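> sequence? don't have it. structure:
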Ligand code: XMP
């Protein structure tokens, strides 16, 4: 019998023993793994933990504020929020190749994080300096880096990971979730007091909206996309499937909106519009290696489309992606 309370007590004791009176840095992304790692480590060592939350400007609507409200506001975790939007946008100007965008976002992310970590390592007012870097590595990540991944002959997309960072920073590694599967991490998160809707969120890629804005990334595109995507996700969360009693957010594995930088003609009132197009993507998958497009109800799609076109000035057309993986990928880039 695996009882979560006992598990937490044991994990907390282990972290305390490993860290002693030293200090820990953790890169908080708002994703499930780093969030649960932060909550667990905070439970163990409180103020000896400092989280660094890098906002690259490619997050979902209000995400930065939500992360801060949750961790700094509710859980009283030390969190440093770094708004690096301008730095990221600057480096991404004129870049439209998907892999080039991924590499820039990954590289800048590491740069920004390293600069903050170096400050924390040096120590400041009241802090003697961090010696540990915590990461939300989970068991499937451990297996993946152990060679299973090398079976894949071609890299279709380079997923940026922050391997090698502890060595580069001269910090010891703390990975309290290393033995857990994703569903166990989620249960742990709920037991630690994280809200279920945060812990059961769809996965969000590291490069964020950077791979959901096709081609060159512009601030204007990111702002339009954020608002359209928030409407789609809200409707998925608010619409239940009669047969299962579950929401369409729960029934899909991943759902999001993609910004297409093409304009099409529309009509509004007496006038003609010439505005952007967004695509809705929703998939059902168990491993993200293959995926089916979700058969969302027409009424739901219609509501989402009406709301986006009425509420987001600058978008006048919404399309639904009916491509499986393979041959399409889940993301559009
Ligand atoms: P694709 O688009 O390759 O995506 O079918 C499979 C899963 O991986 C996610 N994904 C990423 N995650 N960095 C990430 O952290 C990335 O660059 C990246 N690209 C794709 C995607 O969201 C889906 O869940």
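Looks like it came in fine. Keep in mind that this is a model prediction, so the values were computed, not measured.
> make it CA atoms for all contacts and neighbour counts henceforth
OK.
> what separates the lowest-mean-pLDDT helix or strand in the chain from the chain centre, distance-wise?
When each helix and strand of the chain is scored by mean pLDDT, DSSP states H and E, helix 139-145 comes last, with a mean of 84. The chain centroid and the centroid of helix 139-145 are separated by 18 Å, computed with CA atoms, centre = their mean, to the nearest Å.
> which residues touch it?
The list of residues contacting helix 139-145 from outside it, by CA atoms under 8 Å, 6 or more residues apart in numbering, reads 177-182.
> stretch 62-73 too?
Outside stretch 62-73, the residues that touch it by CA under 8 Å, 6+ apart are 30, 55, 77-79, 81.
> which of these fall within strands?
Taking DSSP state E as the definition of strands, the contacts of stretch 62-73 contribute 55, 78-79, 81.
> and those, which of them are buried?
Taking 16 or more other CA atoms under 10 Å as the criterion, what is buried in the ones in strands among the contacts of stretch 62-73 is 55, 78-79, 81.
> ok, residue 48 touching residue 22?
Yes: A contact is recorded between residue 48 and residue 22 when judged using CA atoms under 8 Å, the distance being 6.9 Å.
> compare neighbour counts for these two and give me the winner.
Regarding residue 48 and residue 22, a neighbour count based on other CA atoms under 10 Å identifies residue 48 as having more, with 21 against 16.
> which ones are touching the more buried one?
With contacts defined as CA under 8 Å, 6+ apart, residue 48 is in contact with 21-24, 42.
> nearest to residue 333 among these?
For the contacts of residue 48, the closest approach to residue 333 (CA to CA) belongs to residue 24, at 35.0 Å.
> hmm, residue 135 and that closest one touching each other?
No: the pair residue 24 and residue 135 does not pass the contact test of CA under 8 Å, sitting 10.2 Å apart.
> what about these two, which has more around it?
The neighbour comparison of residue 24 against residue 135 (other CA under 10 Å) goes to residue 24, with 27 against 22.
> tell me which helix or strand the more buried one sits in.
When elements are defined using DSSP states H and E, residue 24 is found to belong to strand 23-27.
> quick one on the thing from earlier: buried set for the helix or strand following the least confident helix or strand of the chain?
Next along the chain after helix 139-145, taking DSSP H and E as the criterion, comes helix 165-169. Along helix 165-169, these residues count as buried under the neighbour rule (16+ other CA under 10 Å): 166, 169.
> mean confidence for helix 165-169?
On average, the pLDDT along helix 165-169 is 88.
> what segments of the stretch 51-200 of the chain are helices?
For the stretch 51-200 of the chain, applying DSSP state H, counting those that start in this stretch gives helices covering 63-68, 85-92, 98-122, 139-145, 165-169, 182-191, 196-199.
> count of residues packed around residue 271?
Neighbourhood size, residue 271 [other CA under 10 Å]: 7.
> just the pLDDT at the residue positioned nearest the centre of the chain, thanks.
By CA atoms, centre = their mean, the mean C-alpha position of the chain lies nearest to residue 204, the distance being 3.6 Å. If you check residue 204, the pLDDT there is 96.
> does any part of the next helix or strand after the strand holding residue 24 sit near the ligand?
Using DSSP H and E, the helix or strand that follows strand 23-27 in sequence is helix 32-45. No: under the criterion of CA under 6 Å from any ligand atom, the ligand is not reached by helix 32-45; the shortest gap measures 11.9 Å.
> what do you get for stretch 132-140?
No: judged by CA under 6 Å from any ligand atom, stretch 132-140 and the ligand are separated, with a smallest distance of 12.7 Å.
> what's around residue 14, how many residues?
Using other CA under 10 Å: residue 14 sits among 14 other residues.
> next: residue 8.
Close neighbours of residue 8, defined as other CA under 10 Å, add up to 17.
> same question, residue 253
If you count neighbours by other CA under 10 Å, residue 253 ends up with 20.
> state the distance from the residue lying farthest from the centre of the chain to the ligand.
Computed with CA atoms, centre = their mean, the maximum C-alpha offset from the centroid of the chain is found at residue 270, amounting to 41.3 Å. Residue 270 sits 40 Å away from the ligand, going by CA to the nearest ligand atom, to the nearest Å.
> that residue and residue 305, how far apart?
When distances are taken as CA to CA, to the nearest Å, residue 270 and residue 305 turn out to be 20 Å apart.
> one more: residue 295?
For residue 295, the distance to residue 305 (CA to CA) stands at 16 Å.
> ok, now residue 122?
For residue 122, the distance to residue 305 equals 51 Å [CA to CA].
> rebuild the ones in strands among the contacts of stretch 62-73 as JSON lines, extending it with pLDDT and distance to the ligand.
Below are the ones in strands among the contacts of stretch 62-73 laid out as JSON lines (pLDDT from 0 to 100; distance: CA to the nearest ligand atom, whole Å):
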{"residue": "55", "pLDDT": "96", "distance to the ligand": "15"}
{"residue": "78", "pLDDT": "97", "distance to the ligand": "25"}
{"residue": "79", "pLDDT": "98", "distance to the ligand": "22"}
{"residue": "81", "pLDDT": "98", "distance to the ligand": "20"}
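> for the closest residue to the ligand within the stretch 1-150 of the chain, give me the pLDDT.
Scanning the stretch 1-150 of the chain for the residue nearest the ligand gives residue 102, at 6.1 Å (criterion: CA to the nearest ligand atom). Looking at residue 102, its pLDDT stands at 97.
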